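Asks: Give me the fold of what follows.
(chains A and B)
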Amino acid sequence: MNNSTALRTLLNHEVRSVLGLDESLEIQWTVPKRKDQGDLSTNIAMIEAKKRGTIPRDLASSIIESIDWGKLNVERAEVAGPGFVNIWIAPSYYHTIVDQILSEKGNYGQGEAVPDQKILVEFVSANPTGPLNVVSARAAAIGDSIVRILRKAGFEAVSEFYVNDAGRQVRRLGESVLARAKGEEVPEDGYHGEDVVSLAENLFPSGLNGSELAEVVGEQAAHLNVAHQKKVLDEYGVSFDRWFHESELHRDDTPKHTLEQLSAVGAVYEKDGATWFKGTEYGDVEDRVIITQEGRPTYLLPDIAYHLSKAERGATTAIDLLGPDHHDYVGRMHAALNALGKENFLEVIIVQQVHLLEGGEKVKMSKRAGKLVTLEELVEEVGKDVARYFFLQRRTSSHLDFDLDLAKEESERNPVFYVQYAHTRICGILRKEDCPDPYSADLSTLIELEEIELIKHLEQFAETIQRAAEAREPQRLASYLHDLATIFHKFYSAHRVIGVDAGLSAARAALSEASRIVLAEGLNLLGVSAPEKM
RNA sequence: GCCCCCGUAGCUCAGUAGGAUAGAGCAACGGAUUCCUAAUCCGUAGGUCGCGCGUUCGAAUCGCGCCGGGGGUACCA
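Replies: Numbering: from 1, shown residues only, chains lettered A, B, ... in the order given. Reported below is the predicted structural model:
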């Protein structure tokens, strides 16, 4: 248990005994926005007063009068506003936070292991028919960061990329490649990108012999595409625990078993020569075809099979990050899982669109014409750190304007550098010859406003991780780190670490080192580097 | 038509387990560096949190109804 949690446990114990509450009732302690509202505040008196029909401020007063605050490290407690209980905590408590960070280092903020659960996060899962686009880039940054944050929060989490290597699009890819190899027009419903030209060149360096089959060529091309996607993602700092191929399902006839399971619960019927899933009985807006008139399964059936396989492989929760063009998919997959008794198994996060801006104008992209900005190009243009940070600053569900000009600018205008610079700055201090050893400092001299403010923010790290993990929202961590950088920069401007009294100097070096540890770990959770020099 | 997302400062957006006087970056203006990297800091200015009603001691946050913008609505994946 960390010191922050320990303090709250003690506070809660006292408050519960005063109010006669049992242990199951949550008591909220929040850090007020304003300094004159104390270091921590609780609204428990307002909530309990309502239940009891008493006056909130009176109840708050009785809480304050009944607790021996001194033994809790609380210097002052008062009633405020409509009935808040605000408390001021002694600096000595904050010093223990710095101690804790220095002893735990990168492990600081690690949540306790959550038992009996495993979260499988599936993201990107782009078709093997071409390069990764900017929405995939966004999904990759977010998905990878969610996995890292979940693990930090104590959850067991694994990442997975689903490769649709068995659908008709692979054949279409093969046809497109063959057309390019022959120097013919690519079919209307084929793939028109430049990448298909190089696929043709790679697969047929000395031309065609006329016996090539579109299916086979498609498989070969898809294989090359997947290998390339993997390489690009790797350079982007995103690796998957597993690349799950749709063909694996077909090899084991899994979709057939899934159909039998659906039949067994009475969720399918025949109509117009096709087999339908009764989505409407399980929450979807319409029924869906799962076997076509030609007897071919639609994508839905293997997808259901794939989601069942996630559960069979031990996942207790599946999180899917889907692109904006797939959101009508959500209802049918939930319905299918409901039908099979897997309610609440799947969580879907829609990764919204990305608009690239250059010179204030939207960069025109067209999939049909093969004019796409790829993940690879984006990383070449702006670098991995900038790309990932830009994606992680914003809510996943918001449309994102990605300002390429700002992203390319290596200046103070670029927010990524602001956070990285705080880390670099600390490294600069700690690297100095006359910098004292941060690990043997007496911290009791840390009493300045900017010092305590900094520690208070460091204290919030674990809670930020928990919230970001539970909400699946990495942007909360990005915001936190930006604030931490600001607070550190303020501390730096107000006080000197080196060149003051030796004891104080060591204490400030310790505080700087603690800040560095949290910045480095936080950036790591975003997949952004924490440079020692810039 | 139906479904999903968004609407907060001039621009891009945070803020959503309901909390007290709504924040940041950029853009504008004015300051700070004999000293640990000024990729920084301080200050000024900038708001009917799309609109209305409701729930609540308390709403940017929850509910309902509108308005505006974007996306999706295949026996493709």
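Asks: going forward, measure contacts between C-alpha atoms and count neighbours the same way
Replies: Noted.
Asks: right, is the helix or strand of chain A with the lowest mean pLDDT up against RNA strand B?
Replies: Taking mean pLDDT, DSSP states H and E as the measure, chain A has strand A:361-362 as its least confident helix or strand, at a mean of 75. No. Figure legend: strand A:361-362 not in contact with RNA strand B (C-alpha under 7 Å from any atom of the strand); closest approach 10.9 Å.
Asks: what comes into contact with that strand?
Replies: Contacts to strand A:361-362, defined as C-alpha atoms under 8 Å, 6 or more residues apart in numbering, come from residues A:H355, A:L356.
Asks: quick one: strands adjacent to it?
Replies: Based on DSSP bridges, the strands next to strand A:361-362 in the sheet, each with its direction, are strand A:354-358 (antiparallel).
Asks: wait, what's in contact with the nearest residue to A:F488 once chain neighbours are set aside?
Replies: Once flanking residues are discounted, A:F488 sits nearest to A:L454: 6.4 Å by C-alpha to C-alpha, 6 or more residues apart in numbering. Contacts for A:L454 were tallied using C-alpha under 8 Å, 6+ apart; they are A:L484, A:I487, A:F488, A:F491.
Asks: want to throw those into CSV with pLDDT?
Replies: As requested, the contacts of A:L454 are arranged in CSV below (pLDDT from 0 to 100):
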residue, pLDDT
A:L484, 96
A:I487, 95
A:F488, 97
A:F491, 96
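Asks: In helices only, show me those residues.
Replies: Under the assignment DSSP state H, the contacts of A:L454 contribute A:L484, A:I487, A:F488, A:F491 to helices.
Asks: ok, which stretches of the stretch 251-400 of chain A are strands?
Replies: Taking DSSP state E, counting those that start in this stretch as the criterion, the stretch 251-400 of chain A carries its strands at A:268-271, A:274-277, A:288-291, A:317-322, A:346-350, A:354-358, A:361-362, A:400-403.
Asks: Distance from the last one to the middle of the chain?
Replies: Relative to the centre of its chain, strand A:400-403 is centred 18 Å away, using C-alpha atoms, centre = their mean, to the nearest Å.
Asks: sorry, back to before: how much space between the residue nearest to A:F488 and RNA strand B?
Replies: Separation of A:L454 from RNA strand B (C-alpha to the nearest atom of the strand, to the nearest Å) stands at 12 Å.
Asks: three-state assignment of that residue?
Replies: Using DSSP: H, G, I helix; E, B strand; the rest coil as the criterion, the local structure at A:L454 reads helix.
Asks: before we move on, back to that, wait, which of the strands of the stretch 251-400 of chain A is closest to A:M46?
Replies: strand A:346-350 (34.5 Å; C-alpha to C-alpha).
Asks: Run the angle between the closest one and strand A:317-322 for me.
Replies: Between the axes of strand A:346-350 and strand A:317-322, defined by axes from the mean of the first three to the mean of the last three C-alpha atoms, to 10 degrees, the angle is 20 degrees.
Asks: pLDDT (mean, whole number) over strand A:346-350?
Replies: For strand A:346-350, the mean per-residue pLDDT is 93.
Asks: in its sheet, what does it sit against?
Replies: Per DSSP bridges, strand A:346-350 is paired in its sheet with strand A:317-322 (parallel).
Asks: Not counting its own residues, what contacts the partner strand?
Replies: With C-alpha under 8 Å, 6+ apart as the contact definition, strand A:317-322 has outside contacts at A:117-124, A:139, A:143, A:307, A:310-311, A:344-351.
Asks: follow-up on the earlier one: from the chain's centre, how far out does the least confident helix or strand of chain A sit?
Replies: In this view, strand A:361-362 has its centroid 28 Å away from the chain centroid, taken as C-alpha atoms, centre = their mean.
Asks: Most neighbours out of the ones in helices among the contacts of A:L454, which is it?
Replies: Each of those was scored by neighbour count (other C-alpha atoms under 10 Å); the top score is that of A:F488, with 27 neighbours.
Asks: Wait, that residue touches A:A422, no?
Replies: Yes. Assessed by C-alpha atoms under 8 Å, A:F488 is found in contact with A:A422 at 6.9 Å.
Asks: ok, back up a step: could the strands of the stretch 251-400 of chain A go into CSV alongside distance to A:K384 and mean neighbour count?
Replies: Formatted as CSV, the entries for the strands of the stretch 251-400 of chain A read as follows, by distance: least, C-alpha to C-alpha, whole Å; neighbours: other C-alpha atoms under 10 Å:
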stretch, distance to A:K384, mean neighbour count
strand A:268-271, 47, 14
strand A:274-277, 43, 21
strand A:288-291, 40, 20
strand A:317-322, 20, 22
strand A:346-350, 22, 19
strand A:354-358, 16, 17
strand A:361-362, 21, 12
strand A:400-403, 14, 18
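Asks: How much space separates the residue nearest to A:F488 from A:L484?
Replies: As defined by C-alpha to C-alpha, to the nearest Å, A:L454 lies at a distance of 7 Å from A:L484.
Asks: Repeat that for A:F491.
Replies: Where A:L484 is concerned, A:F491 sits at a distance of 11 Å (C-alpha to C-alpha).
Asks: circling back to that earlier point, out of the ones in helices among the contacts of A:L454, which touch RNA strand B?
Replies: Contacts with RNA strand B are made by none of these, judged by C-alpha under 7 Å from any atom of the strand.
Asks: Of those, which is the nearest to A:E215?
Replies: When the ones in helices among the contacts of A:L454 are compared for distance to A:E215, the smallest value, 54.0 Å, is given by A:L484; criterion: C-alpha to C-alpha.
Asks: I'd guessed that closest one sits against A:H457; true?
Replies: Yes. Under the contact definition of C-alpha under 8 Å, A:L484 touches A:H457, with a separation of 6.6 Å.
Asks: Quickly find the element holding the closest residue to A:P474 other than its chain neighbours.
Replies: Setting aside the residues directly before and after it, A:P474 is nearest to A:A468 in space (C-alpha to C-alpha, 6+ apart), at 5.6 Å. According to DSSP states H and E, A:A468 maps onto helix A:461-471.
Asks: what about that helix, distance to the chain center?
Replies: Distance, centroid of helix A:461-471 to centroid of chain: 11 Å (C-alpha atoms, centre = their mean).
Asks: Report the angle between the host helix or strand of A:V15 and helix A:461-471.
Replies: A:V15 belongs to helix A:3-19 when assigned by DSSP H and E. Helix A:3-19 and helix A:461-471 meet at an angle of 80 degrees, taking the same axes, to 10 degrees as the criterion.
Asks: is any part of helix A:3-19 close to RNA strand B?
Replies: No. Using C-alpha under 7 Å from any atom of the strand, no contact is recorded between helix A:3-19 and RNA strand B, whose separation bottoms out at 11.4 Å.
Asks: So for that helix, what gets flagged as buried?
Replies: A:S4, A:R8, A:L11, A:N12, A:E14, A:V15, A:R16 (16 or more other C-alpha atoms under 10 Å).
Asks: any idea how far the second one lies from A:L40?
Replies: Spelled out, that is A:R8. Separation of A:R8 from A:L40 (C-alpha to C-alpha) stands at 10 Å.
Asks: if I look at those two, which residues touch both of them?
Replies: Joint contacts of A:R8 and A:L40 (C-alpha under 8 Å, 6+ apart) are A:W29.
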